[in-house]
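**Q** have a look at this prediction, sequence included:
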Amino acid sequence: MESQVVLNEKKKVQLKSSQAIQQFLAFASLIVLVLFFSLASPNFFKFDNIVGILLSTSVIGILALGATFIIITSGIDLSVGTVMTLCSVMAGIFISSMGLPIIVGVLGGILTGATAGMLAGLAIAKMRIPPFIATLAMMMIAKGLALVISGAAPIYFTSYPAFTKIAMGQMIPGIPNAIFIFFLMAIIGGILLNKTIIGRYTFAIGSNEEATRLSGVNVNKWKMIIYIIAGIFTGVAGIVMASRLNSAQPALGQGYELEAIAAVVIGGTSLSGGKGTILGTVIGALIMSVLTNGLRILSVPQEWQTVVVGAVILFAVYADVLRNKKSK
Amino acid sequence: MGEIILEMKGISKAFPGVQALSNVDLELRSGEVLALLGENGAGKSTLMKVLTGIYQKDEGSIVYQGKEIEIPDTKTAQSLGISIIHQELNLAPDLTIAQNIFIGREPKKGFNLFLDEKQLNKMTQKLFDRLNINLNPREKVENLTVAKQQMVEIAKALSFDSKVLVMDEPTAALTDSEIDSLFTMIRKLRSDGVGIIYISHRMEELKKITDRVSVMRDGTYVGTVGTKETTIDQIIAMMVGRQIYHNQKPEIKNRSHEKVLEVKNLNRGKTIKNVSFELNKGEILGFAGLMGAGRTEVARAIFGADPFDSGEISIKGKKVQIKSPYDAVQNGIGYLSEDRKQYGVMVEMDVKSNVAIASMDDFLNLGFMNGTKINHQANEMVESLKIKTPSVHQLVKNLSGGNQQKVVIGKWLTRNSDILIFDEPTRGIDIGAKDEIYKLLINLAEQGKSIIMISSELPEILRLSHRVIVMCEGMITGELQNDDNISQESIMALATKRVG
């Protein structure tokens, strides 16, 4: 028995180090990428370009934060891209078409995301529809609704400069607010995931849903709450997006969900559930934008950029597979 | 009865921490039905898995048709003519009968590029004609009853020209008339010279269908007797062994006749039939029975893990509605599953999170988790339950089985549940740790917890329970006070008593 404890102690050290390695790997890849592009092009490591990278990370990043929760429960959300668009459109309707105060429009947009999340959660938890299908349906519903509600035309916020300021205003000169919103949401996500009961149940459901249910946890209720939270993140992303573009573009959005999932996965969150971190997702999202930005600066054609990003996703997930094999 | 077709000699097989088989002999003649009996965990399945190439023996020899053979995999076993029909049927429901029987051996045509569906159905029909089976080869398997699916499995096994056929509890899911037609088929196979090893828990079937009975106990071979020359009581005595357990009966300290839980006329499909019982404060109520007797099903129904059709559950005299584990936990019930890894612990989470998971409401401060309080509680559990772990931050998957079980116990003690249902509390736990779990159970009862203990190990039942309920096929077949009149034999007799 004594020796067993010692053995377990050893295992623990190994395990801790393997988790640390994964975090370190993602962070190190980010640093290596930044170094590489800085050396390859003098235009990369410049204040404006770095701000540009962070700004372009903000929308995908906020979506990815919400997706992190869902993926840790071993679910998936394919609807975040088009739901985000629907949130933008709703904000546009509230503010531009109905003339409601901006704050109401913003909250309305976020509430739209929460509602979509609740409906998806309801379908998954109560109707027992697999997450992939339920959110695929939600993706199409949201896409259609965004087009119907907007009349398939962009809604502009030109007469509401305060709305544009939400993302593009500069509380600190030179740095758009969208970047702060992203980091603020990351901090909120981190607190939710690590300090509250929501996060604890998120991990428990992903780790062993049946054991969690048999511990007397109302798994259905908590799954719905988790999808609602992801929906709120999606709503915030929608507001940031609309504010950045100064308009709600009903045709945009599809494809964002996959980039968000890619960011989560590159950040080391396991698609089989139970494992994942907010910091990882932030790093994952940054890796994606640094790659795209750097390749663009090096004048790599857009088509090839996509190929490289795909390869990176493969590599990141393979690293995760290797890690899981080892810890077994 | 013909020649000896198969002889297994001195077979041993060990798994990490368990000697599953030690020096087991088995002899089968062609044209006989040999019953293989033993309690749960006696090693029957392991022995059959060695025979059919699923496991590799550590020691011993297998002589088949006069020659010593090695069976490295199931394919070799099949090509030698040794087939097994598992308790769980292995058919693809979306394929037809014929497609299932010749799966992996499909006849082809046109330079081997296309499947020859016609030939396939013809081959199946020929097989069915030989076996007197009246089924349409083109029928999809999903449309068949369990009994007919079993026929297909048997036909599949015999399509390999099997000389030895192992049947693992073939009647478990069948009705009486279906059993009759199965027996007709078995008799035909026997007269064709096939040697059949028949595993069953149903004593009354032995007389009907088997020629000889071989008995195993605790991974060893006990003996073989002719079915005609023996009685059921003698066979049961062979199964449970002659060792007399000096029951260290638990001291009944705190036991009152205060009814804590009352279950009335619980029913669920075919698995739970009219189950009623009471549980008193400070009592350990043992649930004995063979595998599939419905004990786990009763526990899961009471705990709200599975829905039940009808019945009433009262706690401390008040009728309660239990529709989900959430309801059960709110009513002070805790359930410790037989399958810890799947239903008990979150192995990828640490000790403290597992201990706290059922009582998160107690550890919240304005929605935030109170880490210090959780640590404190987890440390208290580690100390009082003597959980061997370097710290409460250790992942549960790095603990031994016994310590994982203690973590689950800690979870329910943290929740302060009054009624604890232990389903096979010592399964997969080594002997030293078993003793500790026993002490813990007795301790909990003395503190006034009420315990239902489901166990397939009779010595465990006799050692711990104040009262014993015996189940067979979804029904309670007896209730015994654990006094001097109780014995393993009397429990076994009830556990194999088929009513109706």
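**A** All right, it came through fine. Numbers count the residues shown, from 1 in each chain, chains lettered A, B, ... in the order given.
**Q** element containing the residue most central in space within chain B?
**A** Centrality entry for chain B: nearest residue to the mean C-alpha point is residue B:291, 4.0 Å, by CA atoms, centre = their mean. Counting by DSSP states H and E, residue B:291 is held by no secondary-structure element, helix or strand.
**Q** kindly report the same for the one 10 residues further on.
**A** Assignment of secondary structure by DSSP H and E places residue B:301 within helix B:295-302.
**Q** alpha carbons of that helix, as CSV, please.
**A** Provided in CSV are the C-alpha atoms of helix B:295-302 (Å, rounded to 0.1, in the frame of the first residue of the first chain):
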residue,chain,number,x,y,z
ARG,B,295,-31.4,-6.5,-7.6
THR,B,296,-29.6,-3.7,-9.4
GLU,B,297,-32.8,-2.8,-11.2
VAL,B,298,-34.6,-2.4,-8.0
ALA,B,299,-31.9,-0.2,-6.6
ARG,B,300,-31.8,2.0,-9.7
ALA,B,301,-35.6,2.3,-9.7
ILE,B,302,-35.7,3.4,-6.0
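**Q** stretch B:315-329 near chain A anywhere?
**A** Yes. On the criterion CB under 8 Å from any CB of the partner chain, stretch B:315-329 is in touch with chain A at B:324-326, B:328-329. For the C-beta atoms, the positions are set from N, CA and C on the backbone; glycine is no exception.
**Q** from the stretch 151-300 of chain B, which residue is nearest to chain A?
**A** Of the stretch 151-300 of chain B, the residue with the smallest distance to chain A, taken as CB to the nearest CB, is residue B:300 at 8.9 Å.
**Q** residues near the residue in the stretch 201-328 of chain A positioned nearest to chain B, how many?
**A** Nearest residue of the stretch 201-328 of chain A to chain B (CB to the nearest CB) works out as residue A:216 at 2.7 Å. For residue A:216, the neighbour count with other CB atoms under 10 Å in any protein chain shown is 28.
**Q** now it. Nearest residue, chain neighbours left out?
**A** residue B:329 (2.7 Å; CB to CB, 6 or more residues apart in numbering or on different chains).
**Q** quick check, that neighbour in a helix?
**A** Yes. With DSSP: H, G, I helix; E, B strand; the rest coil as the criterion, residue B:329 is part of a helix.
**Q** re earlier: the helix or strand just after the helix holding residue B:301: partners in the sheet, and parallel or antiparallel?
**A** Where DSSP H and E defines the elements, the next helix or strand beyond helix B:295-302 is strand B:310-315. Paired with strand B:310-315 in the same sheet, following DSSP bridges, are strand B:259-268 (antiparallel), strand B:318-320 (antiparallel).
**Q** angle of strand B:310-315 against helix B:295-302?
**A** 70 degrees (axes from the mean of the first three to the mean of the last three CA atoms, to 10 degrees).
**Q** contacts only, for residue 166.
**A** You didn't say which chain, so I picked chain A. A:106, A:177, A:181, A:239-240, A:243 (CB atoms under 8 Å, 6 or more residues apart in numbering or on different chains).
**Q** sorry, should have said chain B
**A** B:48, B:51-52, B:82-85, B:196-197, B:199.
**Q** same deal with residue B:471?
**A** B:275, B:287-289, B:293-295, B:298, B:477, B:495.
**Q** let's have these in TSV, adding distance to residue B:405 and pLDDT.
**A** Shown next, in TSV, are the contacts of residue B:471 (distance: CB to CB, whole Å; pLDDT from 0 to 100):
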residue	distance to residue B:405	pLDDT
B:275	26	96
B:287	18	96
B:288	20	93
B:289	21	90
B:293	22	89
B:294	23	92
B:295	18	94
B:298	21	96
B:477	29	93
B:495	25	88
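**Q** just put those in JSON lines and tack on neighbour count and distance to chain A.
**A** JSON lines is the format used below for those (neighbours: other CB atoms under 10 Å in any protein chain shown; distance: CB to the nearest CB, whole Å):
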{"residue": "B:275", "neighbour count": "24", "distance to chain A": "20"}
{"residue": "B:287", "neighbour count": "26", "distance to chain A": "18"}
{"residue": "B:288", "neighbour count": "29", "distance to chain A": "23"}
{"residue": "B:289", "neighbour count": "29", "distance to chain A": "22"}
{"residue": "B:293", "neighbour count": "25", "distance to chain A": "21"}
{"residue": "B:294", "neighbour count": "23", "distance to chain A": "19"}
{"residue": "B:295", "neighbour count": "27", "distance to chain A": "17"}
{"residue": "B:298", "neighbour count": "28", "distance to chain A": "15"}
{"residue": "B:477", "neighbour count": "20", "distance to chain A": "28"}
{"residue": "B:495", "neighbour count": "23", "distance to chain A": "27"}
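**Q** nearest to residue B:229, of the residues you listed?
**A** residue B:495 (24.0 Å; CB to CB).
**Q** look up how far residue B:338 lies from the closest one.
**A** 17 Å (CB to CB, to the nearest Å).
**Q** on that earlier part again, of the contacts of residue A:166, closest to residue B:159?
**A** residue A:240 (65.3 Å).
**Q** the stretch 1-150 of chain A: helices as residue ranges?
**A** Using DSSP state H, counting those that start in this stretch, the helices of the stretch 1-150 of chain A run over A:2-40, A:47-72, A:80-92, A:102-125, A:131-150.
**Q** most tightly surrounded among those?
**A** Highest mean neighbour count among the helices of the stretch 1-150 of chain A (mean count of other CB atoms under 10 Å in any protein chain shown): helix A:80-92, with a mean of 31.
**Q** tell me what that one is packed against?
**A** Applying 3 or more CB pairs under 8 Å, 6 or more residues apart in numbering or on different chains; DSSP states H and E, we find helix A:80-92 packed against helix A:47-72, helix A:102-125, helix A:131-150, strand A:155-156, helix A:219-245, strand A:247-248, helix A:256-266.
**Q** JSON lines for those, including mean pLDDT and distance to residue B:69?
**A** Formatted as JSON lines, these follow (pLDDT from 0 to 100; distance: least, CB to CB, whole Å):
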{"stretch": "helix A:47-72", "mean pLDDT": "96", "distance to residue B:69": "51"}
{"stretch": "helix A:102-125", "mean pLDDT": "97", "distance to residue B:69": "52"}
{"stretch": "helix A:131-150", "mean pLDDT": "96", "distance to residue B:69": "48"}
{"stretch": "strand A:155-156", "mean pLDDT": "96", "distance to residue B:69": "79"}
{"stretch": "helix A:219-245", "mean pLDDT": "97", "distance to residue B:69": "51"}
{"stretch": "strand A:247-248", "mean pLDDT": "96", "distance to residue B:69": "75"}
{"stretch": "helix A:256-266", "mean pLDDT": "93", "distance to residue B:69": "50"}
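**Q** turn those into CSV, including distance to chain B.
**A** Output for those, formatted as CSV (distance: least, CB to the nearest CB, whole Å):
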stretch, distance to chain B
helix A:47-72, 11
helix A:102-125, 12
helix A:131-150, 20
strand A:155-156, 36
helix A:219-245, 9
strand A:247-248, 33
helix A:256-266, 18
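**Q** pLDDT wise, what is the residue lying closest to residue B:102 once chain neighbours are set aside at?
**A** Residue nearest to residue B:102 in three dimensions, not counting chain neighbours: residue B:120, with 5.8 Å by CB to CB, 6+ apart. Here the pLDDT value assigned to residue B:120 is 93.
**Q** cool, and residue B:131?
**A** pLDDT for residue B:131: 83.
**Q** what does residue A:14 give?
**A** For residue A:14, pLDDT reads 45.
**Q** ditto for residue B:336
**A** On pLDDT, residue B:336 comes in at 93.
**Q** show me what it is bridged to.
**A** residue B:422.
**Q** give the contact list for it.
**A** B:344, B:405, B:408-409, B:412, B:420-423, B:425.
**Q** and residue 175, what are its phi and psi?
**A** Defaulting to chain A. With angles defined as degrees, to the nearest 10, residue A:175 sits at phi -120, psi 110.
**Q** that one pairs with what?
**A** residue A:172.
**Q** gap between the residue in chain B positioned nearest to chain A and residue B:414?
**A** Here the residue of chain B nearest chain A is residue B:329; by CB to the nearest CB that distance is 2.7 Å. Distance of residue B:329 to residue B:414, given as CB to CB: 12 Å.
**Q** much appreciated, bye for now.
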